[in-house]
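1. Attaching a predicted model along with its sequence, questions to come.
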Amino acid sequence: GKHFDETVLPRLGMRDAVRAKATLGEGGFIAEKVARGEVEIAFHQITEMLPVAGVTIVGPLPPELQKNTVYTGAVMKSARNPREAQALLDYLVSTEGRKAFLERGFTAP
């Protein structure tokens with residue numbers, strides 16, 4: 001939402017026009033407002049929209065308007081459970097873990 005309001009709309013030259021009719025939300029699954037009929041359209045991360053029943057996801061913004069979030073994992077030297085932490089990281093980079101991420105709307109190189 002914030003990226004869309006502060007970056008995408010100004011780049012498209014339509015922030016004022018959209019803001020005149022917009023309802024900005026904060027936190028949670030913003031698409032739930034669409035599902036409840038409170039708003040007609042929502043812009044949010046796909047991963048935050050997929051779990052919401054009753055909405056139709058049209059697709060991502062064009063690449064030039066995207067804001068990508070990169071997640072990184074590491075096991076700290078002071079970890080209380082380093083084996084378990086490493087097992088989680090190993091799962092996340094496995095074929096099965098990658099599939100779980102992709103099914104939930106994340107992308108991966």
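-> Okay, I see it.
2. Tell me which residues of stretch 47-64 come out buried.
-> Neighbour counts over stretch 47-64 (16 or more other Cβ atoms under 10 Å) mark E48, M49, V52, V55 as buried. For glycine as for every other residue, the C-beta is placed from the backbone atoms N, C-alpha and C.
3. Sorry, wrong one. I was asking about stretch 79-91.
-> Residues of stretch 79-91 include none that count as buried (16+ other Cβ under 10 Å).
4. swap in stretch 63-78?
-> Within stretch 63-78, no residue counts as buried by 16+ other Cβ under 10 Å.
5. For it, what does the pLDDT average out to?
-> In this model, stretch 63-78 has an average pLDDT of 93.
6. Just the helices from the protein, written as ranges.
-> For the chain, the helices defined by DSSP state H occupy 2-3, 9-12, 15-19, 32-35, 46-49, 82-93, 95-103.
7. middle-most residue in the protein, spatially?
-> Taking Cα atoms, centre = their mean, the centroid of the chain lies closest to Q45, which sits 2.6 Å from it.
8. Surely it and F106 touch.
-> No. Counting by Cβ atoms under 8 Å, Q45 does not reach F106; the two are 9.4 Å apart.
9. F4 reaches F43, doesn't it?
-> Yes. Assessed by Cβ under 8 Å, F4 is found in contact with F43 at 4.3 Å.
10. The two - which one has more neighbours?
-> Neighbours per residue (other Cβ atoms under 10 Å) separate F4 from F43, with F4 holding more: 19 against 16.
11. per-residue confidence at that one?
-> 90.
12. cool, R36 as well?
-> pLDDT, R36: 93.
13. Not counting residues beside it along the chain, what's closest to G97?
-> Using Cβ to Cβ, 6 or more residues apart in numbering and skipping residues adjacent in sequence, the residue nearest G97 is Y91, 4.5 Å away.
14. What distance do you get for that neighbour to A20?
-> Separation of Y91 from A20 (Cβ to Cβ, to the nearest Å) stands at 47 Å.
15. again, but for A85
-> Counting by Cβ to Cβ, the separation of A85 from A20 is 49 Å.
16. What of A100?
-> Counting by Cβ to Cβ - A100 and A20 are separated by 41 Å.
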